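1. Fold the following.
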Amino acid sequence: MAALLGAELSLAPFRLPDGDVWRMAVPGFDGQTAVTLSLWPSIRRVDASSQALTVVMTSITGVELVEGVEVLFRRDGGYLIVPIGGKVIVRS
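-> Take a look at the predicted model:
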């Protein structure tokens, strides 16, 4: 996922009692961080934060990597898409 988005992956400075939280700094086309993803695998949650918005998606049922294009987080009734270049697209 990080490699597809050209992102830096690291452990978040906080964690849940039963699991780690990961962070990805997704660069925009200008090389600056455009979106920060916080990944909470143990509770199936993804947070996507940018200067303009923050989206929290829970109950993730699957993740699809579309090589050269995007990462898609699925849940029943919607999805969160993060394309290369660091935009955030939500369908709910």
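
2. Which residue ranges of this structure form helices?
-> With DSSP state H as the criterion, the chain has helices at 2-5.

3. Relative to its centre, which residue of it is most distant?
-> Within the chain, the residue lying farthest from the chain centre (CA atoms, centre = their mean) is residue 17, at 21.1 Å.

4. ok, it to residue 75 distance?
-> Residue 17 sits 23 Å away from residue 75, going by CB to CB, to the nearest Å. Every C-beta, even on glycine, is put in place using the N, C-alpha and C of the backbone.

5. how far does stretch 59-75 stretch from start to finish?
-> For stretch 59-75, the first-to-last residue distance is 6 Å (CA to CA, to the nearest Å).

6. how about that stretch: buried residues?
-> Buried positions in stretch 59-75, judged by neighbour count with 16 or more other CB atoms under 10 Å: 60, 70, 71, 72, 73, 74, 75.

7. All the strands of the protein, residue numbers only.
-> In chain order, the chain shows strands spanning 8-16, 19-27, 33-40, 45-49, 54-57, 62-66, 70-75, 78-83, 89-91, with DSSP state E as the criterion.

8. The second one - contacts with which helices or strands?
-> This points to strand 19-27. Counting contacts by 3 or more CB pairs under 8 Å, 6 or more residues apart in numbering; DSSP states H and E, strand 19-27 packs against helix 2-5, strand 8-16, strand 33-40.

9. Who are the contact partners of the residue nearest to residue 76 when sequence neighbours are not counted?
-> Counting by CB to CB, 6 or more residues apart in numbering, residue 61 is the residue found nearest to residue 76 once chain neighbours are left out, at 6.4 Å. Contacts for residue 61 were tallied using CB atoms under 8 Å, 6 or more residues apart in numbering; they are 44, 74, 75, 76.
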